[in-house]
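Peer 1: Fold the following.
(chains A and B)
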Amino acid sequence: MAKHNITMTINGESVSAEVDSRLLLVHFIRENLDMTGTHIGCDTSSCGACTILIDGKSVKSCTYLAVRADGANITTIEGIAADGTNHPLQKAFHDQHGLHCGFCTPGMIMRSIDLLETNPNPTEEEIRWGISGNLCRCTGYNNIVKSVQQAAEEMSKEKEATV
Amino acid sequence: MIPANFDYHKATSLEEAIALSQELGDEAKYMSGGHSLLPMMKLRFATPEHIIDISKIEGLSYIKEDGDILKIGAMTTQSEIEHDPLLKSNYPIFGDAVWLTADPAVRNFGTIGGNIAHGDAANDQPALMLALRATIIAEGVDGEKAIPIDDFFHGFYMTALEPGDILTEIQIPKAKANSGGAYHKVERKVGDYATAGVAVHIELDGDGVCQEIGIGLTNVSAVPMRLERGEEVLRGHKVTDALIAQVGQIASEDCEPESDLRGSEAYKRSIVNTITKRMLNKALERARN
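Peer 2: Below you'll find the predicted structure:
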């Protein structure tokens, strides 16, 4: 079966590789690039542990072919802290104890980045709906919601300050 | 889970995609969002030898009214449908459906064309298309064709699309004054396929008499199902609670659900009855406002 040469930008750095048609993006990220922050949970597009951003939009990377991401701009959990400073969502998950075992956390944060990008001031209901495709089996949703609320406030303030 | 081996081909134009499909033959499948097809390939429910990626073809993502027709490009994502101002204001049935389709991350890449072309009776858009009396536009080896929705769904994952055909556009009669639609499905958990779902679109005249009505059912038969007998009860009549109750009853009788993990046949018939009545009332309320 044919191999494909692909090039994409991951967390600001350009990477090239030769991949099989059937290689899934989540495996490319974890196994070829050794970025293991993107997790594999259900492997059936249900749990959201593998959520990353493609050109700013959240996607379940277990349901996306690596070859299809040729030319894409990808962000994973490893790429959101700037110069050693945690992203507001990372800080908020820490402050609000938004993680229990932590397995779902990278996906929750990547999905929440997209959510706050399209809806900077979500209501509690909108947050719960926004992360409905991401499952936490510790059932710690209350603190996750609080984390997203805190990050929303902080990011809105940051935005105002830069305007 | 990793799909079985296949060759990947990227098409950048409709012509290129159709030519590729001709060249590669029966074992080739088109992929747009891939969010229905890839999970099936991982589970070996589908093992195409070739995937033709049509997601990079430009110009197939739009929502616009053109004369008396609402046109939606096949590659429009569920997320774009969810946030489109025109659909929000004039076609709220789409908001009802997309809100219940999978989850936001899946909706970012899943397309309306893929949802329909997949031919799955469990998908949500087919019921809307039946209720809204859509026409499906496809581009194929012999050029463009228009397929009325009643002729589109042939069987389990089977549609009127012939080898090489690409669904390019969905055409729906423009929303008239005093018309309204609504969709709801019962699901076990967020993002699940429907246990049962009902789409209703109704048009009234100035006196509240039902001029036109479309009712589509999700996941209660082998193919997306139109409730013709129920529509006939209402067409040409003033809609009363008694008639609505009668249509709900007909829906529960005419649907063909099977008992499975989502519920028994009797349970599904019962919820079809209930949601049909609720969606008729909701569509009526929207038509009157």
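
Peer 1: Name the residues that touch the lowest-mean-pLDDT helix or strand in chain A?
Peer 2: The helix or strand of chain A with the lowest confidence, counting by mean pLDDT, DSSP states H and E, is helix A:141-162 at a mean of 94. If you take C-beta atoms under 8 Å, 6 or more residues apart in numbering or on different chains as the criterion, helix A:141-162 is touched by A:88-89, A:91-93, A:95-99, A:108, A:112, A:115-116, A:120-122, A:124, A:127-128, A:130-131, A:136. The way it works is simple: take the backbone N, C-alpha and C, and place the C-beta from them, glycine included.

Peer 1: Which residue is it, in chain A, that comes closest to chain B?
Peer 2: The nearest approach of chain A to chain B comes at A:Gly133, 2.5 Å away (C-beta to the nearest C-beta).

Peer 1: Excluding chain neighbours, give the residue nearest to that residue in space.
Peer 2: Nearest non-adjacent residue to A:Gly133, counting by C-beta to C-beta, 6 or more residues apart in numbering or on different chains: B:Asp103, 2.5 Å away.

Peer 1: just B:Glu256 next, same as before
Peer 2: For B:Glu256, the spatially nearest residue (C-beta to C-beta, 6+ apart) is B:Ser221, at 4.1 Å.

Peer 1: again, but for A:Cys101
Peer 2: A:Cys101 sits nearest to A:Cys138 (C-beta to C-beta, 6+ apart), 5.5 Å away.

Peer 1: From the structure, what's the count of residues near that neighbour?
Peer 2: 13 (other C-beta atoms under 10 Å in any protein chain shown).

Peer 1: on that earlier part again, show me the contacts of helix A:141-162 that map onto helices.
Peer 2: Those of the contacts of helix A:141-162 mapping onto helices are A:88-89, A:91-93, A:95, A:108, A:112, A:115-116, A:124, A:127-128, A:130, per DSSP state H.

Peer 1: now those residues as a markdown table including neighbour count, pLDDT and distance to B:Glu228?
Peer 2: Converted to a markdown table, these look like this (neighbours: other C-beta atoms under 10 Å in any protein chain shown; pLDDT from 0 to 100; distance: C-beta to C-beta, whole Å):
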| residue | neighbour count | pLDDT | distance to B:Glu228 |
| --- | --- | --- | --- |
| A:Pro88 | 23 | 97 | 54 |
| A:Leu89 | 27 | 98 | 51 |
| A:Lys91 | 16 | 97 | 58 |
| A:Ala92 | 25 | 98 | 53 |
| A:Phe93 | 25 | 97 | 53 |
| A:Asp95 | 15 | 97 | 58 |
| A:Met108 | 28 | 98 | 46 |
| A:Ser112 | 29 | 98 | 45 |
| A:Leu115 | 23 | 98 | 41 |
| A:Leu116 | 20 | 98 | 46 |
| A:Glu124 | 12 | 98 | 43 |
| A:Ile127 | 22 | 98 | 42 |
| A:Arg128 | 16 | 96 | 39 |
| A:Gly130 | 23 | 96 | 39 |
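
Peer 1: what's the most distant pair in these?
Peer 2: Using C-beta to C-beta, the ones in helices among the contacts of helix A:141-162 span at most 21.1 Å, a distance reached by A:Lys91 and A:Arg128.

Peer 1: What residues does chain A have near chain B?
Peer 2: Residues of chain A lying close to chain B (C-beta under 8 Å from any C-beta of the partner chain) are A:1-2, A:4, A:20-24, A:27, A:43-46, A:48, A:51, A:57-60, A:63-65, A:67-68, A:70, A:111, A:114-115, A:118, A:129-130, A:132-134.

Peer 1: Just the buried residues from those residues, in ChimeraX please.
Peer 2: Remark: buried members of the residues of chain A next to chain B, expressed as a ChimeraX selection using 16 or more other C-beta atoms under 10 Å in any protein chain shown:
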select /A:4,20,21,22,23,24,27,43,45,46,48,51,57,58,59,60,63,64,65,67,68,70,111,114,115,118,129,130,132,133,134
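
Peer 1: What residues does the stretch 101-250 of chain B have near chain A?
Peer 2: Residues of the stretch 101-250 of chain B lying near chain A by C-beta under 8 Å from any C-beta: B:102-106, B:108-109, B:190-191.

Peer 1: Out of the residues you listed, which comes closest to B:Gly25?
Peer 2: Distance to B:Gly25 across those (C-beta to C-beta) is lowest for B:Phe109, with 27.1 Å.
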